[in-house]
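**Q** need a 3D model of the following:
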Amino acid sequence: MTPTSKYEAIRQILADLKQPAYRYHQIMEAIFRQRIGEFERMTMLPKTLRGELIRAIGQQVTSVTPVLEKSSKQVSKVLFAIAGGERVEAVRLTYQRGWKSYCISTQCGCGFGCRFCATGTIGLKRNLTADEITDQLLHFHLNGHALDSVSFMGMGEPLANPHIFDALTILTDPRLFGLGQRRITVSTIGILPGIDKLTRDFPQVNLTFSLHSPFEDQRSELMPINDRFPLHEVLKALDRHIRHTRRKVYIAYVLIRGVNDSTEHAEALAALLRGRGIGAHLYHVNLIPYNATEVTSPSYRQSERNRVKTFVRILMSKGIHVTVRAQFGSDIHAACGQLYGAE
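**A** A predicted model of the protein is given here:
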């Protein structure tokens, strides 16, 4: 059986070489406590074992190689090279109180073609492995950064990649990253089987649903996935998630001028969420300013400030919890919808 991650592969190597059980603990201590990123530098291990690890896994602990880093106020974006000559991006956000959050990619490109997203113009090149997903975070950890929270909102649709669940297992393993489920957010455009699996297997992980229009026809235009997993069916799955977990579901809504920011849109969105039964109060809308890119339609622009205020006022007047998301990193194309995997 092929190991699903380097951590399983290391266990197998140790078992094959009849190494004592504490060796695995030593290696994990070296990576996660001492922040050692090369097997050769793990001098607490016998040289023959280091050689076997290098032969099987490579010189570096991580499978992703940083090739370019761009920084702006509070934001750093890293372009990684991965196997097959492809590129993916990850973003580190540093908030004013010092909290560090990471936006991680799960696919190279994306095959769902949401009209307003740069990543969607690439098409899907491939799913990332569990190691390639978690190694983006490991890169930051090895470079001395605290891993306070992580969101799967980078390139790709997380729930379309089955390896996301192996990645979540790795991130929440107390012997590895040791992240609590509540410090992890998975964002989805509405992949129903994935939502149900997340509800069952990782009920405390935060769930964000990218909605972007309360009208089925328009949502299908903006997000072709709506034809396959219609909005009303996804909302039923989110209701089940809330009933099972008793936790908030976040509704991501990118405001695009003259497209989905009218009073009719605000009222329809409020009506959609208000009538959801006993869990209705656990829906929380995150309004996101649209971020323009060179590869998306020039007709898409950010909503005017007054229009945003009106949208918020309508939602609040209907009892909907709403936040306007602060905008970070648009000047280095590190903001929502801008990741493109290019130098």
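**Q** show me where the protein has strands.
**A** 65-72, 75-82, 86-94, 100-103, 107-110, 123-127, 149-152, 184-188, 206-210, 249-255, 283-289, 321-324 (DSSP state E).
**Q** now distance to residue 222, mean neighbour count and mean pLDDT too, for those strands, in CSV please.
**A** No exception for glycine: its C-beta is placed from N, CA and C like everyone else's. As requested, the strands of the chain are arranged in CSV below (distance: least, C-beta to C-beta, whole Å; neighbours: other C-beta atoms under 10 Å; pLDDT from 0 to 100):
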stretch, distance to residue 222, mean neighbour count, mean pLDDT
strand 65-72, 28, 14, 90
strand 75-82, 25, 20, 93
strand 86-94, 23, 22, 92
strand 100-103, 21, 21, 94
strand 107-110, 14, 24, 93
strand 123-127, 18, 17, 94
strand 149-152, 21, 22, 96
strand 184-188, 15, 22, 98
strand 206-210, 10, 22, 97
strand 249-255, 9, 22, 96
strand 283-289, 14, 20, 94
strand 321-324, 20, 16, 94
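**Q** nearest to residue 230, of those?
**A** strand 206-210 (13.1 Å; C-beta to C-beta).
**Q** so which elements touch that closest one?
**A** Judged by 3 or more C-beta pairs under 8 Å, 6 or more residues apart in numbering; DSSP states H and E, strand 206-210 is in contact with strand 184-188, helix 231-245, strand 249-255.
**Q** if we go to 10 Å?
**A** Contacts defined by 3 or more C-beta pairs under 10 Å, 6 or more residues apart in numbering; DSSP states H and E place strand 206-210 against strand 149-152, strand 184-188, helix 192-201, helix 231-245, strand 249-255, strand 283-289.
**Q** next, the buried residues of the fourth one.
**A** Of the residues in helix 231-245, those buried under the neighbour-count criterion (16 or more other C-beta atoms under 10 Å) are 231, 234-235, 237-239, 241-242, 245.
**Q** how much space separates the most centrally placed residue in the chain from residue 215?
**A** Centroid-nearest residue in the chain, with C-alpha atoms, centre = their mean: residue 152, separated by 0.7 Å. Distance of residue 152 to residue 215, computed by C-beta to C-beta, to the nearest Å: 27 Å.
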